[in-house]
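**Student:** Quick check, what structure comes out for this input:
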Amino acid sequence: MKALTDFTDYREFLNYYVSHPSAQRGLRAEMAKAMQCQAAYLSQVLNGNAELTEDHAFRLVNHLQFNKADKDYFMLLVRISRASSHELKSHLKDQAKAIAKAVSKIDDRVTAKKLSEDDAFTKFYFGSWIPNAIHVALSSPHYQTPASLAKRLGLPEKKVLEVLQALEENHLAVRKGKGEWSYQGANFHLPKASPLEINYQIHNRLQAIKALQASNEQDLHVSAVFTVGEEDYKALRKMFLDAVEKAHKKIAAGESEELYGMSLDLFRVV
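**Tutor:** Here you go, the predicted structure:
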């Protein structure tokens, strides 16, 4: 299914949405009810004989459970269509283009602190998988001592302690006494083009290979090579970005118990 940001006219999107093969029966009536308008009025909108009001549009995007970026984009499309001056239309279109560009970037889809790759600690933190794994593992009550971390991650206890001390110096770990430590700080994210990010991604995929060799039945490993059209590829990319955004929110809101890893690749075969 095409993404909302593939459209520059809200009517074109709505007509596509309600006529898509996956659309449920009675969808138009359901949408009209959610917007608190007559079904006949919605039909006039879809046929180009009427405009949605901003109130109707806002009720609709809430009903369809759009994420914030899609809500903002749809509302802009409605405002563009309703705008009477060329200057205002042009101004709103620029805003819509900015949102469409942003939603295609993973950097803008996750809530995380942006880091400077020139910082010495940043280079240390993303120099391998170890500092990040230890930092995150500290949020679990099961892994808050050098011994438990060393056993869980298969590392020398001396190495774990060195990392813990570096994390403490940068306010990412706190000593609790009796050899225990706790998590502090926030999630970090590097720009996609950063050499450190590339190195970090490679290290995480090496961990995925180790997990694949361990053959844990609860793990999920999927690989495929396929051919699709350009529009379908864009739709898949949007689908995965949405999934990453939802997963990030679920992880942030969930309990900290066991340590897991995730890698996701969707790419043109070289």
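
**Student:** Below-threshold pLDDT in the protein: ranges please.
**Tutor:** 1, 104-118, 186-193 (pLDDT under 70).

**Student:** what about 80?
**Tutor:** The chain contains residues with pLDDT under 80 at 1-3, 21-24, 101-119, 177-178, 185-194, 248-249, 252-254.

**Student:** That one: helices as residue ranges?
**Tutor:** 10-19, 27-35, 39-46, 54-63, 68-82, 86-102, 120-125, 130-137, 146-153, 157-169, 195-214, 230-253 (DSSP state H).

**Student:** Adding distance to S263, write the ones you listed out as JSON lines.
**Tutor:** All C-beta atoms are positioned from the backbone trio N, CA, C, and that covers glycine. Putting these into JSON lines (distance: least, C-beta to C-beta, whole Å) gives the following:
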{"stretch": "helix 10-19", "distance to S263": "32"}
{"stretch": "helix 27-35", "distance to S263": "36"}
{"stretch": "helix 39-46", "distance to S263": "42"}
{"stretch": "helix 54-63", "distance to S263": "32"}
{"stretch": "helix 68-82", "distance to S263": "24"}
{"stretch": "helix 86-102", "distance to S263": "23"}
{"stretch": "helix 120-125", "distance to S263": "18"}
{"stretch": "helix 130-137", "distance to S263": "13"}
{"stretch": "helix 146-153", "distance to S263": "17"}
{"stretch": "helix 157-169", "distance to S263": "22"}
{"stretch": "helix 195-214", "distance to S263": "5"}
{"stretch": "helix 230-253", "distance to S263": "11"}
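
**Student:** Could you point out which of those helices sits nearest Y183?
**Tutor:** helix 130-137 (6.9 Å; C-beta to C-beta).

**Student:** related to what we said a few turns ago, adding mean neighbour count and distance to L266 as columns, could you present the helices of the chain in TSV?
**Tutor:** Formatted as TSV, the helices of the chain follow (neighbours: other C-beta atoms under 10 Å; distance: least, C-beta to C-beta, whole Å):
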stretch	mean neighbour count	distance to L266
helix 10-19	17	23
helix 27-35	16	29
helix 39-46	16	33
helix 54-63	17	26
helix 68-82	20	19
helix 86-102	14	18
helix 120-125	15	26
helix 130-137	21	23
helix 146-153	18	29
helix 157-169	17	32
helix 195-214	14	13
helix 230-253	14	6
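
**Student:** for those helices, which one sits closest to K2?
**Tutor:** Closest among the helices of the chain, using C-beta to C-beta: helix 230-253, at 5.6 Å.

**Student:** now the closest one and helix 68-82, what's the angle there?
**Tutor:** 130 degrees (axes from the mean of the first three to the mean of the last three C-alpha atoms, to 10 degrees).

**Student:** so what does helix 230-253 touch, helix or strand wise?
**Tutor:** For helix 230-253, there is no helix or strand it packs on, judged by 3 or more C-beta pairs under 8 Å, 6 or more residues apart in numbering; DSSP states H and E.

**Student:** the inter-axis angle of that helix versus helix 130-137?
**Tutor:** Using the same axes, to 10 degrees: helix 230-253 against helix 130-137 is 60 degrees.

**Student:** quick thing: my sequence starts at 15, can you match it?
**Tutor:** Okay, using 15 as the starting number, the last item reads as helix 244-267.

**Student:** circling back: looking at the helices of the chain, which is nearest to Q198?
**Tutor:** helix 171-183 (8.1 Å).
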